[in-house]
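K.L.:
Provided below for reference: sequence and predicted model.
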Amino acid sequence: QVQLVESGGGSVQTGGSLRLSCKASRLTYCMGWFRQAPGKEREGVAGIHTESTTAYAESVKGRFTIYKESATNSLILEMNNLEPDDTGIYYCAARLGFCYGSYFNASHFTSWGQGTQVTVAS
């Protein structure tokens, strides 16, 4: 198991930016960010395999960037041009093995953080 602790959430206006950080007990090959809005199912936002293979949900492409910060054992999600539909609790997730191209299937990940709230006001 991998311990994950998210931080960096907050409240911003439409068009604003936030940087989410997930401090991990260790970085794994396959990691990702998911979010859950009130009354909706958890959905995949962005995933990363090894250091450079990334995937993004269509709704966030061009606005969000995921990467690993090895110096601090952290998974980062930079979010720009935020929209009200980006509101939700954001979760960091990790899988000990490879991603095998499955970045947005929550059941594929075995370790989860407690989540951090992101609120975007219109």
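P.N.:
Noted; the coordinates are in hand.

K.L.:
switch to C-alpha atoms for all contacts and neighbour counts from now on
P.N.:
OK.

K.L.:
tell me how far Leu4 lies from Met31.
P.N.:
Relative to Met31, Leu4 is positioned 11 Å away (CA to CA, to the nearest Å).

K.L.:
neighbour count winner among the two?
P.N.:
When Leu4 and Met31 are compared for neighbours, Met31 comes out ahead with 28 against 23, by other CA atoms under 10 Å.

K.L.:
residues in contact with that one?
P.N.:
Applying CA atoms under 8 Å, 6 or more residues apart in numbering, we find Met31 in contact with 47-49, 75, 92-95, 103, 109.

K.L.:
over to Lys23?
P.N.:
Residues counted as contacts of Lys23 (CA under 8 Å, 6+ apart) are 4-6, 72-75.

K.L.:
mind running it again at 10 Å?
P.N.:
Listed by CA atoms under 10 Å, 6 or more residues apart in numbering, the contact partners of Lys23 are 3-7, 69, 72-76, 92, 113.

K.L.:
tabulate these in a markdown table, adding columns for secondary structure and pLDDT.
P.N.:
Below are the contacts of Lys23 laid out as a markdown table (DSSP: H, G, I helix; E, B strand; the rest coil; pLDDT from 0 to 100):
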| residue | secondary structure | pLDDT |
| --- | --- | --- |
| Gln3 | coil | 97 |
| Leu4 | strand | 98 |
| Val5 | strand | 98 |
| Glu6 | strand | 98 |
| Ser7 | strand | 98 |
| Glu69 | strand | 96 |
| Thr72 | helix | 95 |
| Asn73 | coil | 96 |
| Ser74 | strand | 98 |
| Leu75 | strand | 98 |
| Ile76 | strand | 98 |
| Cys92 | strand | 98 |
| Gly113 | coil | 98 |
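
K.L.:
would you list the buried entries among the residues you listed?
P.N.:
3-7, 73-76, 92, 113 (16 or more other CA atoms under 10 Å).
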